[in-house]
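K.L.:
coords please:
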Amino acid sequence: PLQLPGISAMVAMPYGQEYTTRLEWWSRFYLYAVHGYVCEVMFTAAWEFVVNLNWKFPGVTSVWSLLIYGMSILVIERMYLALKDSVVLPLRLLVYLMWTYLWEFCCGYILRQFNACPWDYTPFDYDLFGLITLEYAPCWLVGLFIVERFVIGNTLKLRYQEPAPMGNGEIKNKEQ
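P.N.:
Numbers count the residues shown, from 1 in each chain. The predicted structure follows:
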């Protein structure tokens, strides 16, 4: 199986104890993608309420967001692992913010070539070609803080757990 160095490894345990394995990159990608997708829907719903007082809270996004957020947060995970011991949190957040804007711009630019870009920031004062806007920087920083501290931090703690076999070859359920 495809493994990222230092991320996915089997932890050997003495006989009778269970083996645990860190989540593979594709499992973490899935969790990050779904997190980003849900946050996008919630953010657009909240934005619609704040701007238009729309009590229906219509949150919207594109299926492209799954790929965009999943890949982006995997890159941020690698940055976090490389920087966590040597760079203070505020500087890490600025690095993540620069990455986020670069990634959003590149993804938007590519999608726009196929008339598939789901966002357009041209109504904002500080937009760049309608693909990114600096007005969202405070929101991105809060989101990136949550991503590092809670999403990545807890996702890296998750483990696969292999069931313990019973004496007759059946799988023993922990609740039994």
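K.L.:
pLDDT value on residue 1, please?
P.N.:
Note for residue 1: predicted pLDDT of 42.
K.L.:
centroid-nearest residue for the chain?
P.N.:
By CA atoms, centre = their mean, the chain has its centre lying nearest to residue 32, at 3.1 Å.
K.L.:
quick one, grab the pLDDT at it.
P.N.:
Looking at residue 32, its pLDDT reads 97.
K.L.:
then residue 102?
P.N.:
98.
K.L.:
same question, residue 21
P.N.:
Residue 21 is assigned 78 on the pLDDT scale.
K.L.:
now tell me which helix or strand of this structure has the poorest mean pLDDT.
P.N.:
Counting by mean pLDDT, DSSP states H and E, the chain has its least confident helix or strand at strand 10-11, which shows a mean of 46.
K.L.:
buried stuff in the stretch of helix or strand residue 79 belongs to?
P.N.:
If you go by DSSP states H and E, residue 79 is part of helix 64-83. The neighbour-count check on helix 64-83 (16 or more other CB atoms under 10 Å) flags 64-66, 68-74, 76-77, 79-80, 83 as buried. Every residue, glycine included, has its C-beta placed from N, CA and C.
K.L.:
contact partners for the nearest residue to the residue nearest to the centre of the chain once chain neighbours are set aside?
P.N.:
Spatial nearest neighbour of residue 32, chain neighbours left out: residue 73 (3.6 Å); criterion: CB to CB, 6 or more residues apart in numbering. Residue 73 makes contacts with 32-33, 35-36, 147, 151-152, as judged by CB atoms under 8 Å, 6 or more residues apart in numbering.
K.L.:
with distance to residue 24 and secondary structure added, can I get these in CSV?
P.N.:
Converted to CSV, the contacts of residue 73 look like this (distance: CB to CB, whole Å; DSSP: H, G, I helix; E, B strand; the rest coil):
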residue, distance to residue 24, secondary structure
32, 13, helix
33, 14, helix
35, 17, helix
36, 19, helix
147, 19, helix
151, 17, helix
152, 15, helix
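K.L.:
pick out the most distant pair among these.
P.N.:
Spanning the widest gap among those are 33 and 152, at 13.4 Å by CB to CB.
K.L.:
where does this structure have low pLDDT?
P.N.:
1-20, 162-176 (pLDDT under 70).
K.L.:
how about the strands in it?
P.N.:
Remark: strands assigned in the chain by DSSP state E are 10-11, 20-22, 127-128, 132-133, 159-161.
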